[in-house]
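Enquirer: Return atomic coordinates for the entry below.
(2 chains)
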There are 2 protein chains.
Amino acid sequence: MKPYCFAIDRIIPSEDASLHPLDIGLIRGYAVFDFFRTVDYHPLFLEDYLDRFIASAAKAHLVLDQGHEELKSIVLELIQKNDLKQGGIRMVLSGGNSDNHFSPTKGSLFIFCEALQMPSDDKYRNGVHLLTTEYIRPVPEIKTTNYALPVYLSKDWKANNAEDVLYHADGIISESSRSNIFIVKDGTISTPKTNILKGITRKNILALVPDAQIRDITLEEVMAADEVFMSSTTKRILPITKIDHQPISNGAVGTRTTALMEQFKRMEEETVS
Amino acid sequence: MKPYCFAIDRIIPSEDASLHPLDIGLIRGYAVFDFFRTVDYHPLFLEDYLDRFIASAAKAHLVLDQGHEELKSIVLELIQKNDLKQGGIRMVLSGGNSDNHFSPTKGSLFIFCEALQMPSDDKYRNGVHLLTTEYIRPVPEIKTTNYALPVYLSKDWKANNAEDVLYHADGIISESSRSNIFIVKDGTISTPKTNILKGITRKNILALVPDAQIRDITLEEVMAADEVFMSSTTKRILPITKIDHQPISNGAVGTRTTALMEQFKRMEEETVS
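Expert: Below is the predicted model of the structure:
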């Protein structure tokens, strides 16, 4: 973590930030958050992330004192104070210290700046491995801190040389634990429609691929796809070349994925220039 | 909350307790906990609760420095310092402040004493209303702090004059958000076998009813039962007389449930005397 953070109503040293442990953010795992990157001091796609964070708080019945413009000016001040040329910014709003230790109430807002390690070149070149898990994230349209299942499973990923999970239910896939999923088949790109968090990277990919299909996708289709990739803030576009130890197509990164990875990087560069 | 708590390695004023907000207990909702009651200064069924808490930590890959006997002596000291004649004791172990903001690491232990309101006499006399939700709690055998879904739904319970949820999946019920479920049909008591947290109150009820069936129970069976009740530390045995606005049997509290409520209270009294 970088030296300065925003806590409740002011910028303070990050190490002094403190949450009371009886906040339902801890004892009931009830909080919302968001996460974005800086590129050359520029907070990438900031407006979209702030809009989503504000919407998450509202949908989760949590009160956020700060509006869009105030959050933006806090973020810009933190980037400067932390000299955050390339890094991650995490905003968290806790559920608050509730009388009955259950109901949402007035919570605390924290904004931290962090060093950020993007996936290795090797992962972009050779793709990664996902393990399927039968699960739908509760209230998936809200960016909650509800990661108990994937954190629990992450020990298993390491043992299986996997990057993350692929959630599915009733034969339909939804998302990975922190990423959206896309498939390429016969030149058409598709991405799941339901039970997902609408990623900002997903939104930008859909802008680059206006004829992409947004629809229910079966796990069978994924396994038979020509190419599969995941998208997220901290991964951009990352090829998936293996699922449950089975190679996708010939097991190599596909041409469409490679082209999109380049297009997305250019989009990023144009945004910050 | 009562004036004193245990935090990490010592007893301190409860208001001074503090968790760093980047602990994955907050940012990933990853923590385990347990909760029990005192009756006349006696921590009820303490051994069972401590065993379960220690097991939850181990299953969740979390390191707990204190063993059974040390936890017990901290709890007894807290009861004394807080003059906790009747109340609740909450133990929480967070996932820790992880380098990658995801993997479990060395967390912080907190133990708080709280005032505790048991359900009203009216609820014991007339029973309560549950609303069904299709869901299985992830890793249900571990007492995690993963309550994001029921906290989110709790606004809806209030609007429907309901007490809590009843989870089911593929037609089979599992549990309520913080309670186990029992049904009575033709004189036989049954309780779900899978996808549940094994409650200490459930364990004690099963000791009182040695011929109870532990098996998969369909939602249909629940709706057609003679009696339904829930069990938990903070509710003991609480009759359920309505599910999804439909009365169970004639909508009144059944005789078997009433008898068990009395038996359980006597068991409690014998334990503390």
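Enquirer: got the buried residues for whichever strand or helix holds A:Arg202?
Expert: With the criterion set as DSSP states H and E, the secondary-structure element containing A:Arg202 is helix A:200-208. Buried positions in helix A:200-208, judged by neighbour count with 16 or more other Cβ atoms under 10 Å in any protein chain shown: A:Ile200, A:Thr201, A:Arg202, A:Asn204, A:Ile205, A:Leu206. Placement of C-beta: from N, CA and C, glycine included.
Enquirer: Would you mind writing the CA trace of it as CSV?
Expert: Extracted C-alpha coordinates of helix A:200-208, given in CSV (Å, rounded to 0.1, in the frame of the first residue of the first chain):
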residue,chain,number,x,y,z
ILE,A,200,-15.6,-1.7,-17.3
THR,A,201,-13.0,-3.6,-19.4
ARG,A,202,-15.9,-5.7,-20.8
LYS,A,203,-17.7,-2.5,-21.7
ASN,A,204,-14.7,-1.2,-23.6
ILE,A,205,-14.2,-4.5,-25.4
LEU,A,206,-17.9,-4.4,-26.5
ALA,A,207,-17.2,-0.9,-27.8
LEU,A,208,-14.3,-2.3,-29.9
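Enquirer: Which strands and helices lie in contact with it?
Expert: Helices and strands in packing contact with helix A:200-208 are listed as helix A:46-59, strand A:180-185, strand A:188-191, strand A:227-232, strand A:236-243, helix A:255-272; criterion 3 or more Cβ pairs under 8 Å, 6 or more residues apart in numbering or on different chains; DSSP states H and E.
Enquirer: how about those, which one is nearest chain B?
Expert: Minimum separation from chain B across the helices and strands packed on helix A:200-208 (Cβ to the nearest Cβ) falls at helix A:46-59, 8.7 Å.
Enquirer: Okay, angle between that closest one and helix A:200-208 too, please.
Expert: Using axes from the mean of the first three to the mean of the last three Cα atoms, to 10 degrees, one finds that helix A:46-59 and helix A:200-208 are set 120 degrees apart in direction.
Enquirer: helix or strand right after helix A:46-59?
Expert: Proceeding N to C from helix A:46-59, the next assigned helix or strand is helix A:68-81, under DSSP H and E.
Enquirer: now the angle between helix A:46-59 and that next one, please.
Expert: Using the same axes, to 10 degrees: helix A:68-81 against helix A:46-59 is 120 degrees.
Enquirer: how about the helices and strands packed on helix A:200-208 in JSON lines, adding distance to chain B?
Expert: Supplementary listing: the helices and strands packed on helix A:200-208 in JSON lines, determined by distance: least, Cβ to the nearest Cβ, whole Å:
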{"stretch": "helix A:46-59", "distance to chain B": "9"}
{"stretch": "strand A:180-185", "distance to chain B": "18"}
{"stretch": "strand A:188-191", "distance to chain B": "24"}
{"stretch": "strand A:227-232", "distance to chain B": "13"}
{"stretch": "strand A:236-243", "distance to chain B": "16"}
{"stretch": "helix A:255-272", "distance to chain B": "22"}
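Enquirer: out of these, nearest to B:Leu46?
Expert: Judged by Cβ to Cβ, the one of the helices and strands packed on helix A:200-208 that comes nearest to B:Leu46 is helix A:46-59, at 39.1 Å.
Enquirer: and the closest one, what does it pack onto?
Expert: The elements that helix A:46-59 packs onto, with contact taken as 3+ Cβ pairs under 8 Å, 6+ apart, are strand A:31-39, helix A:68-81, strand A:87-94, helix A:200-208.
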